[in-house]
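Asker: I need the structure of the sequence given here:
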Amino acid sequence: METPELRRALGFWAAIAVVIGTSIGSGIFLVPTKMVNAVGTPSMVFVVWIFGGILTLFGALSYAELSAALPGAGGEYVYLNAAYGPFFGFIYGWTQTWVAKPASIATLATGFFTYLGDFFPSLGNVFYTVPLPIGPDFKPLEIRYGQFVGIALILLLAGINYLGVRVGGRVQIVVTAVKLALIGGVIVAGLVSPAGNTANFHTSVIPHPGGVAGFFVALVAALWAYDGWNNAGMLGSEIDQPQKNLPRSLILGTTCMMGIYLLTNLTYFYVLSGPEVGASPRVAADAMRRVLGSPGGAAVSIAAMISIFAALNGSILSGSRVPFAMSRGGLFFASIGKVHPHYRTPGPAIALLGVVSCLITLSGQYDQLYTLVIFPSWILYGMTAASVIVLRRKRPDLPRPYRVLGYPVVPVLFVFVALALLYSTLRSSPRESGIGLGLIAAGLPFYFYWKGRKSGSA
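Answerer: Next up, the predicted model:
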């Protein structure tokens, strides 16, 4: 009996919807506050957005060559494996499967019920308190009603993606289109409003920490908002004509994101002053409330929920392919590599990602976990960009339908900025960085176990 395999059922629009839809989640509505407080002025906020966008574009250009040359399920897992061997591929997959992707999904699910709480405030009430020091900061764990909403949403989208990659792709296209239309409405409403004032662009706040350190704090916030652009490569085995569609979706999607972020921030600072943005926990809602009154704030909450919904769907659609690829490579549980004979989806991998994400949502530890993996994740992102150079030397005959524009300057600059970001993160958060590396080290016994089993069966 023939073993069922994944099906190439995603076209260009689905691929670009994954790039844009997965990246633009809740960050667009929140991070300008942290950024202006870190750097002090609206003009510096724009500098950080542009710098972060160019850095992301350099990453996308580098990944475009890799995804076109090695269009397999798992994205970075495939690229790191090819460039450096299975150890680094496993490290990436282990981090993504158990911490990075589930924590990201849990963060999005929590953001969804937080905005839903604007209409149903009781979602923030405590359902039950676990009298053990297992909550954030080792306090008793408070389980809120909203967390059940977040879990239900994760399970719903996991079920949709279980039913077929084409179904998940269509959902991604539709909700991303609606998301962009709503964000476009926010931009237009703000920029044409008589409540706006160009003098706001010249206001400032007292920066903390300011200077170079403040720049990197703001950059981390911006990169969090851009994060997700690389997810289309994880679907390499299911995108039609990947040699053409993956590079196009990565490059065009990243460029569109940069434009959207700059326009939304232009809107915020046109309507609100620098100090007002710095004091606002929900800058988009406050800006629209000034323009349209209470209905404006409600409209932003709806836009945020749709934006988060699209990011959640794209994260589950793409993220589940990483443990699937690890299993197919013999470095994970064999059952996770199975494909549903009818739906042609990696059902066990989708279920695993959904369950782990639900547990992290229930634990309330998503924010801390995501912070812990920033440092090791950027080590692997930098190594992935560098693998463009490694593979040019190691496998010169590898077919490359797309070659990175500006080689070798583009991948080298991405790697250098990644190193600077790592240095800044290590200095500002040495404890979190060390714990993050410890989480990765916890996977080493499993790597050697699965590697030994794979060698024994060869």
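
Asker: Low-confidence ranges, the chain, go.
Answerer: 1-2, 366-368, 370-371, 457-458 (pLDDT under 70).

Asker: show me the contacts for the closest residue to Leu292 other than its chain neighbours.
Answerer: Nearest non-adjacent residue to Leu292, counting by C-beta to C-beta, 6 or more residues apart in numbering: Ala189, 6.5 Å away. (Glycine included, C-beta is placed from N, CA and C.) Ala189 sits next to Met288, Val291, Leu292, Gly296 when contact means C-beta atoms under 8 Å, 6 or more residues apart in numbering.

Asker: Over to Ile28?
Answerer: Ile183, Ala225, Ile260, Tyr261, Thr264, Ala284, Ser307.

Asker: Might you specify the subset of these located within strands?
Answerer: Using DSSP state E, the subset of these located in strands is empty.

Asker: count of residues packed around Pro295?
Answerer: By other C-beta atoms under 10 Å, the residues close to Pro295 number 11.

Asker: what about it, which helix or strand?
Answerer: helix 294-319 (DSSP states H and E).

Asker: And the next helix or strand past that helix?
Answerer: Later in the chain than helix 294-319, the nearest helix or strand by DSSP H and E is helix 321-328.

Asker: Check which helices and strands that following helix sits against.
Answerer: helix 76-84, helix 86-95, helix 347-363 (3 or more C-beta pairs under 8 Å, 6 or more residues apart in numbering; DSSP states H and E).

Asker: What count of nearby residues applies to the closest residue to Gly93 other than its chain neighbours?
Answerer: Leaving aside its chain neighbours, Gly93 sits nearest to Met326 (4.2 Å; criterion: C-beta to C-beta, 6+ apart). By the criterion of other C-beta under 10 Å, Met326 has 28 neighbours.

Asker: try Ala385
Answerer: 26.

Asker: Report whether the expected contact of it with Leu413 is present.
Answerer: No. Using C-beta atoms under 8 Å, Ala385 makes no contact with Leu413, being 9.1 Å away.

Asker: shared neighbours, these two?
Answerer: Phe58.

Asker: what's Leu70 sitting at in phi/psi?
Answerer: phi -130, psi 70 (degrees, to the nearest 10).

Asker: measure the closest residue to it other than its chain neighbours to Leu235 for me?
Answerer: Nearest residue to Leu70 in three dimensions, chain neighbours excluded: Val78, at 5.1 Å (C-beta to C-beta, 6+ apart). Going from Val78 to Leu235 by C-beta to C-beta, to the nearest Å gives 11 Å.

Asker: and these two? which has more neighbours close in?
Answerer: Higher neighbour count among Val78 and Leu235: Leu235, with 32 against 27, using other C-beta under 10 Å.

Asker: buried ones in stretch 76-92?
Answerer: Applying a neighbour-count criterion of 16 or more other C-beta atoms under 10 Å, the buried positions in stretch 76-92 are 76-84, 86, 88-92.

Asker: quick check, nearest of these to Thr176?
Answerer: Glu76 (22.5 Å; C-beta to C-beta).

Asker: so who does that closest one touch?
Answerer: Going by C-beta under 8 Å, 6+ apart, Glu76 touches Gly89, Tyr92, Gln96, Asn230, Gly233, Met234, Leu380, Tyr381, Thr384.

Asker: State the distance from the second one to Pro346.
Answerer: For Tyr92, the distance to Pro346 equals 17 Å [C-beta to C-beta].

Asker: Likewise for the first one?
Answerer: Gly89 sits at a distance of 17 Å from Pro346 (criterion: C-beta to C-beta).

Asker: what's the answer for the last one, then?
Answerer: Counting by C-beta to C-beta, the gap between Thr384 and Pro346 amounts to 22 Å.

Asker: Distance to Val404 added to the contacts of Ala189, as JSON lines?
Answerer: Formatted as JSON lines, these follow (distance: C-beta to C-beta, whole Å):
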{"residue": "Met288", "distance to Val404": "40"}
{"residue": "Val291", "distance to Val404": "42"}
{"residue": "Leu292", "distance to Val404": "44"}
{"residue": "Gly296", "distance to Val404": "43"}
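
Asker: ranking those by neighbours, who comes first?
Answerer: Met288 (28 neighbours).

Asker: residues contacting the closest residue to that one other than its chain neighbours?
Answerer: Sequence neighbours aside, Gly296 is the residue nearest to Met288 in space, at 3.4 Å (criterion: C-beta to C-beta, 6+ apart). Counting by C-beta under 8 Å, 6+ apart, Gly296 makes contact with Ala189, Ala285, Met288, Arg289, Arg290.

Asker: Return the closest of the residues you listed with respect to Val390.
Answerer: Ala285 (45.6 Å).

Asker: Cross-check the contact I'm expecting between the closest one and Val300.
Answerer: Yes. With contact defined as C-beta under 8 Å, Ala285 reaches Val300; the gap is 4.4 Å.

Asker: of these two, who's got more company?
Answerer: For Ala285 versus Val300, the count of surrounding residues by other C-beta under 10 Å is larger for Val300: 27 against 23.

Asker: thinking the more buried one is in contact with Ser26, fair?
Answerer: No. Shown here, Val300 and Ser26 do not form a contact pair, counting by C-beta under 8 Å, at 11.3 Å.

Asker: in the stretch 1-150 of the chain, which spans are strands?
Answerer: Using DSSP state E, counting those that start in this stretch, the strands found in the stretch 1-150 of the chain span residues 126-130, 141-144.
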